[in-house]
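In: Below are the sequence and a predicted model; questions follow.
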There are 2 protein chains.
Amino acid sequence: MKSIEKSPLQISRSLYHPKMPKALGGPVVLKEGKATESVADQAAIKELFPNTYGMPLITFEPATEKVAAPAVNVGVILSGGQAPGGHNVISGIFDGIKALNPESKLYGFLGGPSGLVDHKYVELTADIIDEYRNTGGFDIIGSGRTKLEETEQFDKGAEICKELGINAIVIIGGDDSNTNACVLAEYYAQKKTGIQVIGCPKTIDGDLKNEMIETSFGFDTACKVYSELIGNIQRDANSAKKYYHFIRLMGRSASHIALECALQSQPNVCIVSEEVEAKNLTLSDVVEQIVKVIVDRASQGLNFGTILIPEGLIEFIPAMKKLIAELNDLLAHNDDFNALETEDEKRQYVKGLLSPESREVYRDLPKGIARQLTLDRDPHGNVQVSLIETEKLLIEMVAKRLAKLKAAGSYKGKFSAINHFFGYEGRCAIPSNFDANYTYSLGYTAALLISAGKTGYMSSVRNLTAPAEEWIAGGVPITMMMNMERRHGAMKPVIQKALVLLDGAPFKYFASKRETWATTTSFVYPGPIQYYGPAEVCEQPTRTLQLEHNAE
Amino acid sequence: MKSIEKSPLQISRSLYHPKMPKALGGPVVLKEGKATESVADQAAIKELFPNTYGMPLITFEPATEKVAAPAVNVGVILSGGQAPGGHNVISGIFDGIKALNPESKLYGFLGGPSGLVDHKYVELTADIIDEYRNTGGFDIIGSGRTKLEETEQFDKGAEICKELGINAIVIIGGDDSNTNACVLAEYYAQKKTGIQVIGCPKTIDGDLKNEMIETSFGFDTACKVYSELIGNIQRDANSAKKYYHFIRLMGRSASHIALECALQSQPNVCIVSEEVEAKNLTLSDVVEQIVKVIVDRASQGLNFGTILIPEGLIEFIPAMKKLIAELNDLLAHNDDFNALETEDEKRQYVKGLLSPESREVYRDLPKGIARQLTLDRDPHGNVQVSLIETEKLLIEMVAKRLAKLKAAGSYKGKFSAINHFFGYEGRCAIPSNFDANYTYSLGYTAALLISAGKTGYMSSVRNLTAPAEEWIAGGVPITMMMNMERRHGAMKPVIQKALVLLDGAPFKYFASKRETWATTTSFVYPGPIQYYGPAEVCEQPTRTLQLEHNAE
């Protein structure tokens, strides 16, 4: 048997033709909407972005005749964490600029934004692009976390663009990367470099969205992978009837992923960080909320279930947030602390310096977690929140509380728990049909924005719960999404991060169902992403998108 | 938006008609092969199974006319850990006995073998069966780990069979459960109860297979789910280029799952427990093997990759096996030990009592793992090997070794590792087309064996790399798979557990490729199980089966 290079699905997916908005199938005409304003702090943003503020919304509509377009050279950058569909944005750009003029060229900057600054690039030719169509991952050119913030970086970037004759850069990234894309666009416009900058909304976390950007790409695929696994685990829980599975899900600060997975799989509990913060809950409150469900189910003879936990939870518990901030202040570059030898000494030292409230919170934490808070620190001396195994913390605290209730006679169940953390399992999955179509369309639209000479725009594809043919392609001025926020002690213009809205349709639907899901066993088993088969199986957008659109 | 009860895929899969061997599509005739012998210890096995030893192999072949069959009442039991396809075995039995005679009835014993003993059952009617067709999980009647070993249990079982008019019991389980099925068959035959017993080969671990049983069901689906995740993680590793992912995989003692996943995804390293044992490797040897790959890749600038680790590894390292055995002897019901308060005291106490070799092994273990070995004990005082986080153990030891090499100047790479454990994610997945077809055929065949009055047989469906229509259905006397093994101090007749054969085609293929996979990045990305689409995408059997068949 010969060695395999690609799986059968890889081979088959390479032949898939992404669907696009009907308008993009032939010649288009650019329609301008009305001038835009930023979502807040209009005066400040306007002053900071004199060249890219207030531009109109754009849509592309079918035109009757093709206008000859000059060739363009485009550079593309993948920025930040992987998200399914990145490769299709790039193939969309490629096909878009080649359709406009076969002489157009696409360059990929290597390893993220640093590739632009350090002049590391590759020309992306048809044979390279064809290798990556409809695949997951960012490996075509790699990604990186260098932030484009300094004018020196911008100037270095302009140098290589000049050398390669690059007219435009497409930055595929999250809210921060798109903020930087806008700053770069403004800078290049101001310096009259002739280099346009276009952004693309990427992140599995789902926290880059607004009135005009319905969702970031990758969210659909990642949530479907996690929901597949949650569903499988739920079926196991419901078969074995002896385990509670505590499942932590990636997603940074926002709980969009946990919420979407809950909507798809109907677990017994899903914690939503934004609600925890709004209600000013303590860690004990969260534990109590879970314990209540477990006790109730035990009274029905049900000693199994699933609990979903968003990655960012710990930072949304006000008391924990305060403790973490104090620890960061106390321990960063603290040689006295670092000189202590045993864990007990370190624990005592920390306790002595904390505020009374934080000392109490710290004291109540399981030892293993307290250790993670004081020992595992990033190069800046900060606690690495994402490494804190919140699911294990909750298991330990829930078990303790249940033991007390058992001793008091008010709980008679059995509690065995298993922990999971899902993140890397979904960030580079083969994009769902939705994400494959959406990203390809975003890339193709970026090409049209470039050809139209636009800069400071984010590529936008809307009406996403309709069939792809009916999607609306266009551009949104990035300044429109901005407000002023305090970052590192100074006010900065940034794209507003979209957290879960407690008065939004997805959360409200969840809130209306969660009691039933808690007390009964209403598990849904989504199964793996399907690329073929009936449309209702392989073409569904997320429940979040569906609920948001239905509410409009 | 209304609440969902089932996912689109659940709804769509409920309509799937499993494919069967062509012979089972109409009337069949039973063909007997030659008489069989047990694989070893023939005299002893024959003596223990006078009524069920030496029976012939059976195949079912198409017949020209249908013979009227009397109605049968059948009881079915799910035994042990979940495996995808269990529900289809049951629907296969149901359709099989109904096709023979619509008056036939199927009872499900609840919660595993204990349901038979405790007389807990439900009649499985068409509407119940229809709810579970082609689904994952064992929730239709639940499963359990009670062992049917005592004649008292057998007699209690016979009682309820008599009460319900049950002619035959089908036990769906692994090697131990099928061993017990055979003992039960023999007992019922000897007592002339008129109750037949038929086994079905279930286990995701893949360790119930032999000359006549090509694979156990569930192995296909579970390996495909794990391989999907491994592939996704590999694409992430290859995009981010900064992490080594250490992935532990379920599978109990045998490394079939790890090996199959390696064949599907081509990771940089896959440890095979059976090889570790055969070569008498120490834990340090295993660490060194991984370190060698990491150092080699670092010299090429590659500081990322994937390492697959079979769940049972720790028990296959002779020195660890010895240590665990000593700890079990030392610590079971040891009140002196339990009275000690601090971890350090316990550690010192244990060290004082171990043999010199084991003391050395114990001393070299990371503290966290040493703690798991001494503290986390099952109700019998034994170390719970499956709870030992071998992936974290290896990460810690590899990191230590790399730090030494770095200090010595012979390693210049960066090492960051992330750990994963996959098990519950795959045991209850929606069965692949292969497993859906295979299990339905196994169930249907069991019905035919029952109708033919057979007992002590395992349902068998062979020729599994051919299209389902060409599969060969029949029965294999369970005694044929048996040998005598020492269990709990006494010699017992048991089905031989099938570990990975180092001279088998799957391992040999792996061994021929692993150097390339280690030093290059030859990752394959299998993607999620597909139920629709091109046959090469949705109908592939495991690579293990393909390699084994190609070798024949």
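Out: Perfect, thanks for sending it. Please read all numbers here as calculations on a predicted model, not as lab measurements. Numbering: from 1, shown residues only, chains lettered A, B, ... in the order given.

In: so what's the closest residue in space to A:Gly142 that isn't next to it in sequence up against?
Out: Nearest residue to A:Gly142, sequence neighbours excluded (CB to CB, 6 or more residues apart in numbering or on different chains): A:Gly111, at 4.4 Å. Where C-beta positions appear, they are placed from N, C-alpha and C, glycine not excepted. By CB atoms under 8 Å, 6 or more residues apart in numbering or on different chains, the residues touching A:Gly111 are A:120, A:141-144.

In: ok, and the most crowded of those residues?
Out: Using other CB atoms under 10 Å in any protein chain shown as the neighbour criterion, A:Ser143 leads the contacts of A:Gly111 with 29 neighbours.

In: Quick check: closest non-adjacent residue to it.
Out: Closest to A:Ser143 by CB to CB, 6+ apart is A:Leu78, at 4.1 Å.

In: ok, the one you found - contacts?
Out: A:86, A:112, A:138, A:141-144, A:172-173.

In: where does it land in three-state SS?
Out: At A:Leu78, secondary structure determined by DSSP: H, G, I helix; E, B strand; the rest coil is strand.

In: Over to A:Gly475?
Out: strand.

In: Give me the pLDDT value at the residue nearest to A:Gly142.
Out: pLDDT recorded at A:Gly111 is 96.

In: Go through stretch A:174-191 and flag the buried ones.
Out: Within stretch A:174-191, the residues that qualify as buried are A:174-189, counting by 16 or more other CB atoms under 10 Å in any protein chain shown.

In: Return the member of those nearest to A:Gly251.
Out: Closest approach between those and A:Gly251, by CB to CB: A:Gly174, at 12.0 Å.

In: A:Thr445 versus that closest one, what's the distance?
Out: Distance, A:Gly174 to A:Thr445, using CB to CB, to the nearest Å: 18 Å.

In: What of A:Leu78?
Out: 17 Å.

In: do the same with A:Leu464
Out: Distance of A:Leu464 to A:Thr445, given as CB to CB: 13 Å.

In: Tell me which of these two has more neighbours.
Out: A:Thr445 (34 against 22).

In: Quick check: next helix or strand after the host helix or strand of the more buried one?
Out: Taking DSSP states H and E as the criterion, the element that holds A:Thr445 is helix A:433-451. Sequence order places strand A:457-462 as the next helix or strand after helix A:433-451, per DSSP H and E.

In: who does that next one touch, helix- and strand-wise?
Out: Strand A:457-462 sits against strand A:196-201, helix A:433-451, strand A:472-477, with contacts defined as 3 or more CB pairs under 8 Å, 6 or more residues apart in numbering or on different chains; DSSP states H and E.

In: so which of these gets nearest A:Tyr53?
Out: Across these (criterion: CB to CB), the nearest stretch is strand A:472-477, sitting at 7.5 Å.

In: what pLDDT, on average, does that closest one get?
Out: pLDDT averaged over strand A:472-477 gives 98.

In: so what does that strand touch, helix or strand wise?
Out: Looks like strand A:472-477 contacts strand A:56-62, helix A:433-451, strand A:457-462 (3+ CB pairs under 8 Å, 6+ apart).

In: how about a cut-off of 6 Å?
Out: strand A:56-62, strand A:457-462 (3 or more CB pairs under 6 Å, 6 or more residues apart in numbering or on different chains; DSSP states H and E).

In: would TSV of those strands with mean neighbour count and distance to A:Leu402 be doable?
Out: Shown next, in TSV, are those (neighbours: other CB atoms under 10 Å in any protein chain shown; distance: least, CB to CB, whole Å):
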stretch	mean neighbour count	distance to A:Leu402
strand A:56-62	17	54
strand A:457-462	26	48
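
In: Now mean pLDDT too, for the ones you listed, in TSV please.
Out: As requested, those are exported to TSV (pLDDT from 0 to 100):
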stretch	mean pLDDT
strand A:56-62	97
strand A:457-462	98
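
In: The ones you listed: which one's closest to B:Lys34?
Out: Once the helices and strands packed on strand A:472-477 are compared by CB to CB, strand A:457-462 is nearest, at 67.5 Å.

In: ok and that closest one relative to strand A:56-62, angle-wise?
Out: 50 degrees (axes from the mean of the first three to the mean of the last three CA atoms, to 10 degrees).

In: Ramachandran angles for A:Leu308?
Out: phi -100, psi 140 (degrees, to the nearest 10).

In: Does the helix or strand harbouring A:Leu394 reach chain B?
Out: Remark: A:Leu394 resides in helix A:390-407, with elements defined by DSSP H and E. No: Helix A:390-407 lies out of reach of chain B by CB under 6 Å from any CB of the partner chain, never closer than 11.7 Å.

In: go on, stretch A:286-301?
Out: No: using CB under 6 Å from any CB, we find that stretch A:286-301 stays clear of chain B, coming within 12.0 Å at best.
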